[in-house]
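# here is my input, please return the structure:
(chains A and B)
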Amino acid sequence: MHIMEGFLPPLHAAAWTAASLPFLVVGARRIARISREQPRAKLLLASAGAFAFVLSALKIPSVTGSCSHPTGTGLGAVLFGPSVMAVLGAIVLLFQALLLAHGGLTTLGANIFSMAIVGPWVAYGCFRLARPLGLGVAVFCAAMLGNLATYLVTTGQLALAFPDPVSGFAGALTKFGGIFALTQVPLAVIEGLLTVVVVNLLVRYNRDDLNEVGFDRRSGFGQELGAAGRA
Amino acid sequence: MTRTNLILLGLVLVLAVMPLLLPVTGELAEPFSGADGQAQAAISEAHPDYLPWFEPLWEPPSGEIESLLFTLQAALGAGLLGFYLGLRRGQSQPSKRVDARDSGARPDRTSADAPD
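Okay, here's the model as predicted:
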């Protein structure tokens, strides 16, 4: 989903950057509040960022014969709410833009918008909607659909900037969608499964931290989590 | 829980390895290239007059350096995640060594819960 450096016209690059800025400000303030009021949760927050760090470094082969990568932003969105992921995702994207020439500074705003804003918000929305299906299913749906949403946004961003000379925006949407969408499906499933694995581990060994950030109350799984709580 | 997680990780492995075994990729000119790069190529093809107006400030000088940095990224993330999970797991279990010393002749696992 990384739009390469210089591959968005200046106007588009500026517009996506402007669209991302308010989310970054809100996310930074939320992170500052968490570190002030819930110091114990800082390490959990860092781990949510670390998860995005690992997953977005893994380029995984897909059935279409091309490679792509998960985003890892669904975990933090589910645990803390989507706003913090704008900042954590931006850190990952900045690392890759500066050290790997993967993505770029001019396209950072657009990439933040898809991976660190829309992905986490879709993940969080899916998590809330899928709650009745149980914790595991809800986390899986959240991470999987958040990943797919990220790539759909990238597809839309590229189609807006580069409409097909003949078939226009719709044609470009199909073209870029063909590159990303099918490739991404198995990777989205992989991201969903890995996120469930980590949440299972957190529920087992890190329940105090989950409670500290209010995950038990906010997620609606308080009873389920509390039942297995340690004395 | 451990069994569930092992099954889930097994599924991840199957999903990641399966594409390598499928015959379809043999016909591709460049099997398993990156989707990001393909999108870039598609732009250049449909809009040959578009010139990127900004270059990366620094690029890894070779594929080796690039893979080094990607590995570093994954290692940093995995290291921190593992440190955190391990730390809290350790904190959530009473130390066996201390238990054994405190309870004298009963260095077994259940000694911490046994009423004295």
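
# average pLDDT for the top helix by length along chain A, rounded please.
Determined from DSSP state H, the single longest helix within chain A is helix A:168-205. For helix A:168-205, mean pLDDT is 95.

# are that helix and chain B in contact anywhere?
Yes - counting by Cβ under 8 Å from any Cβ of the partner chain, chain B is contacted by helix A:168-205 at A:172, A:175-176, A:179-180, A:183-184, A:186, A:189-190, A:193-194, A:196-198, A:200-202, A:204-205. Where C-beta positions appear, they are placed from N, C-alpha and C, glycine not excepted.

# ok, stretch A:68-76 next?
Yes - using Cβ under 8 Å from any Cβ, we find that stretch A:68-76 touches chain B at A:S68.

# neighbouring contacts of stretch B:13-22?
If you take Cβ atoms under 8 Å, 6 or more residues apart in numbering or on different chains as the criterion, stretch B:13-22 is touched by A:60-65, A:186, A:189-190, A:193, B:25, B:32.

# quick check, central residue of chain A?
A:T73 (2.8 Å; Cα atoms, centre = their mean).

# how much space between it and chain B?
Noted for A:T73: a distance of 13 Å to chain B, by Cβ to the nearest Cβ, to the nearest Å.

# just confirm that residue contacts A:L88, I think it does.
Yes - counting by Cβ atoms under 8 Å, A:T73 does reach A:L88; the two are 7.5 Å apart.

# what sits in contact with each of these two?
A:52, A:116.

# got the contact list for A:Q223?
So A:Q223 contacts nothing (Cβ under 8 Å, 6+ apart).

# name the SS class of it, please.
helix (DSSP: H, G, I helix; E, B strand; the rest coil).

# on the three-state scheme, residue 70 is what?
The chain I'm using is chain A. coil.

# who touches it in this structure?
A:P70 touches A:55-56, A:58, A:60, A:147, A:187-188, A:190-191, A:194, counting by Cβ under 8 Å, 6+ apart.

# can you tell me which of these has the most neighbours?
A:E191 (34 neighbours; other Cβ atoms under 10 Å in any protein chain shown).

# count of residues packed around B:L28?
Residues near B:L28, counting by other Cβ under 10 Å: 12.

# and A:N211, by the same measure?
17.

# so what's it closest to, chain neighbours aside?
Spatial nearest neighbour of A:N211, excluding adjacent residues (Cβ to Cβ, 6 or more residues apart in numbering or on different chains): A:L225 at 7.5 Å.

# the one you found and A:R207 touch, don't they?
Yes - the criterion here is Cβ under 8 Å, and A:L225 meets it with A:R207 at 6.0 Å.

# helix or strand: which one has A:G6?
Using DSSP states H and E, A:G6 sits within no helix or strand.

# A:L187 and A:L58 touch, don't they?
No - in this structure A:L187 lies outside contact range of A:L58 using Cβ under 8 Å: 9.2 Å.

# anything in contact with each of the two?
With Cβ under 8 Å, 6+ apart as the test, A:L187 and A:L58 both reach A:69-70.
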